[in-house]
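Engineer: Provide a 3D model corresponding to the input given below.
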Amino acid sequence: MKYFVNPDSIVRKIWGRADTTLFIFAGSAAEFALNKAVDWLYYTGKLPADPLGRLFSTVTYARQVIFAEEGDALLAIDKITAIHKGVEHARGARIPDWAYRDVLFMLIDYSIRSFELLDRPLSIGEKTEIFEVFYRLGQRMELKDLPTNFVQWKRMREEHLQQNLSQSAYTYHLYKQYKKHLGWLRYTLVIKVQAMLVPGHVNNLLALGKPGWVKPVLAFYRFLRRLKVETLVRNLLLPAAYKVQIKGLDV
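Structural biologist: Sure thing, here's the model as predicted:
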């Protein structure tokens with residue numbers, strides 16, 4: 001059976017762990033709040049109304065691509081494309097090409113950053129493999145002006161960070177919603193994790209500050225991971241309403 005992502009791919013290893021997947025979206029949540037096209041995420045009202053629910057629906061689509069047989073994965077990508085086209089039609093405008101690329105670039109970058117933060121450094125070959133998987137996803141979505149190799153992606157990623165991010169009313173409102181749905185303790189933890197994850201430019205714009213006390217906490221969590229008992233701590237830290245979905249992220 002042919003898969004869109006090879007069963008032994010580093011991408012499957014990254015996205016097959018619940019905590020790594022959650023870290024990917026913690027980083028993306030920070031950057032989404034700054035993106036100059038974030039108004040598109042507000043158009044349907046789903047993101048501000050239920051940011052955690054939106055997270056899990058997005059994770060579901062991504063994992064349908066990463067873990068599915070190739071034919072099913074292509075259908076999932078086509079469904080993602082159709083959903084975006086439907087929103088464009090309803091609004092009577094097109095999502096900017098650079099905004100599509102930004103999302104793809106985030107998935108690549110935070111896949112790398114999250115795995116390295118929780119597990120180990122990745123080789124250039126592994127990073128290139130991550131890029132190539134999401135490059136094929138972008139090709140299927142017919143995204144324009146994609147970088148064709150990992151080195152070119154790194155340059156374009158930095159350009160996008162400088163050009164396409166800024167603080168806005170959406171930034172403050174999204175973070176207000178994050179805090180409302182997570183509660184003070186979990187929100188504080190997410191902020192500290194984001195401070196470790198995101199590029200310096202994103203940290204500066206959001207004023208996330210330094211990781212501080214979360215560094216030794218994360219070191220202890222990595223130790224629990226090696227003992228394979230990290231789920232005990234993870235379940236204490238995450239909202240009870242989403243424990244079933246989170247458990248389902250472990251492959």
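Engineer: residues in contact with V214?
Structural biologist: L189, K192, V193, A195, M196 (Cβ atoms under 8 Å, 6 or more residues apart in numbering). C-beta here means a position set from N, CA and C on the backbone, and glycine is covered the same way.
Engineer: 10 Å - rerun?
Structural biologist: When the contact criterion is Cβ atoms under 10 Å, 6 or more residues apart in numbering, the partners of V214 are T188, L189, V190, I191, K192, V193, Q194, A195, M196, Y221.
Engineer: do A29 as well
Structural biologist: For A29, the contacting residues are 47, 51-52, 54-55, 106, 110, 174-175, 178, 190, 194, 198, taking Cβ under 10 Å, 6+ apart as the criterion.
Engineer: and R222, by the same measure?
Structural biologist: D19, L117, L118, D119, R120, E230.
Engineer: try 8 Å this time
Structural biologist: R222 is in contact with L118, D119, counting by Cβ under 8 Å, 6+ apart.
Engineer: do the same with I108
Structural biologist: Residues in contact with I108 (Cβ under 8 Å, 6+ apart) are I130, F131, F134, W153, R157.
Engineer: of those, which is the nearest to D102?
Structural biologist: Within the contacts of I108, proximity to D102 (Cβ to Cβ) peaks at R157, which comes in at 9.2 Å.
Engineer: leaving out sequence neighbours, find the closest residue to that closest one.
Structural biologist: With Cβ to Cβ, 6 or more residues apart in numbering as the measure, F105 is the residue that lies nearest to R157, at 5.0 Å, once sequence neighbours are left out.
Engineer: burial of the one you found, as a residue count?
Structural biologist: Here the count is done by other Cβ atoms under 10 Å, and F105 has 26 residues near it.
Engineer: next: N6.
Structural biologist: Around N6 sit 12 other residues, with neighbours defined as other Cβ under 10 Å.
Engineer: swap in W184?
Structural biologist: Residue crowding around W184 was assessed by other Cβ under 10 Å; the count is 8.
Engineer: any idea how far T171 is from it?
Structural biologist: In this structure, W184 and T171 are separated by 19 Å, where distance is defined by Cβ to Cβ, to the nearest Å.
Engineer: would you format the contacts of A29 as TSV with pLDDT, neighbour count and distance to G71 included?
Structural biologist: Below are those laid out as TSV (pLDDT from 0 to 100; neighbours: other Cβ atoms under 10 Å; distance: Cβ to Cβ, whole Å):
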residue	pLDDT	neighbour count	distance to G71
L47	75	21	30
P51	81	20	32
L52	77	18	31
R54	78	18	27
L55	75	20	27
M106	95	22	27
Y110	97	26	28
L174	92	22	36
Y175	94	18	40
Y178	91	21	37
V190	92	22	37
Q194	96	25	37
V198	97	25	36
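Engineer: please tell me how far the closest residue to D109 other than its chain neighbours sits from L104.
Structural biologist: Counting by Cβ to Cβ, 6+ apart, R157 is the residue found nearest to D109 once chain neighbours are left out, at 6.2 Å. Here the criterion is Cβ to Cβ. By it, R157 lies 10 Å from L104.
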